[in-house]
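[1] just a sequence and a predicted model for now, questions to come.
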Amino acid sequence: MQRQILYNETQIGKAKAESAKDVLTKLNSDVEINTYKEFIDENSIYKYLRDDSYDFIVDCSDNFKTKFLVNRVAIENNLRCVIAGIKDFYGQIITINPKKTACYQCVFSEPIESLPDEGPLPVIGVTPGILGTLEALEVIKTVLGLPNLENRVLMVNLIDLRFNIIDIVKNESCFCSE
Ligand SMILES: [Zn+2]
């Protein structure tokens, strides 16, 4: 897929996690990368949080269910988190500081299970590239103590090239306020 710049035709047939690790290790061999070839769900996600070696979760998932799960686990484990979502030419991104700022669920309603799954959302190749880079920027700015997207949602419209920020407040009836 043209948007997934970690991959090329020579890797066809190889596991994506391993291929990604190969490419990133060639970029910087000093970085330790752990890969897991497993879908994230209610059971598997806790295996990856079994020690205290994590500082930040960057959600790059492609579905709402996983985003709500990642948000909940981030809050429960007091881990900072950035979540981005995309559809065709549009995206949104939010950074969460557990207990202190609004979380993903303060802003977005969880999809109703009984509704049919929409299936894969259409996406134009550059959209995940831009939102993914913005997620990396959020991690860097948060670590450096610079202004970030806590209590704010950045709405990206790549048709009109508009970047709008919406101020949000923590929902006192949300689970993150308990
Ligand atoms: Zn919340």
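    Looks like it came in fine. Numbering: from 1, shown residues only.

[2] pick out the residue nearest the middle of this protein.
    The structure's the chain has its C-alpha centroid closest to Asp59; by C-alpha atoms, centre = their mean the separation is 1.9 Å.

[3] quick check: longest helix of this structure.
    The longest helix of the chain (DSSP state H) is helix 126-144.

[4] go ahead and confirm Cys176 touches Cys106.
    Yes: contact status for Cys176 versus Cys106: in contact at 6.5 Å, counting by C-beta atoms under 8 Å. Where C-beta positions appear, they are placed from N, C-alpha and C, glycine not excepted.

[5] intersection of neighbour lists for those two?
    Common neighbours of Cys176 and Cys106 are listed as Lys170 (criterion: C-beta atoms under 8 Å, 6 or more residues apart in numbering).

[6] run the chain-centre distance for the longest helix of the chain.
    When C-alpha coordinates are averaged (C-alpha atoms, centre = their mean, to the nearest Å), helix 126-144 and its chain have centres 10 Å apart.

[7] try stretch 84-98
    On the basis of C-alpha atoms, centre = their mean, stretch 84-98 is displaced by 7 Å from the centre of the chain it belongs to.

[8] ends of it, what's the gap?
    Counting by C-alpha to C-alpha, to the nearest Å, you get 17 Å between the two ends of stretch 84-98.

[9] and it with the ion, contact?
    No: on the criterion C-beta under 5 Å from the ion, stretch 84-98 is out of touch with the ion, staying 8.3 Å away.

[10] quick check: mean pLDDT across that stretch?
    For stretch 84-98, the mean per-residue pLDDT is 96.

[11] buried ones in that stretch?
    Neighbour-count burial for stretch 84-98 flags 84-86, 89-98 (criterion: 16 or more other C-beta atoms under 10 Å).

[12] residues contacting the closest residue in space to Tyr7 that isn't next to it in sequence?
    Excluding the flanking residues, the one nearest Tyr7 by C-beta to C-beta, 6 or more residues apart in numbering is Ser19, at 5.8 Å. Ser19 is in contact with 6-7, 11, counting by C-beta under 8 Å, 6+ apart.

[13] okay, buried residues for the helix or strand where Ser19 lies please.
    Assessed by DSSP states H and E, Ser19 sits inside helix 16-27. Neighbour counts over helix 16-27 (16+ other C-beta under 10 Å) mark 19-21 as buried.

[14] for stretch 120-138, same thing?
    Using 16+ other C-beta under 10 Å as the test for burial, stretch 120-138 gives 123-124, 127-128, 130-132, 134-135, 138.
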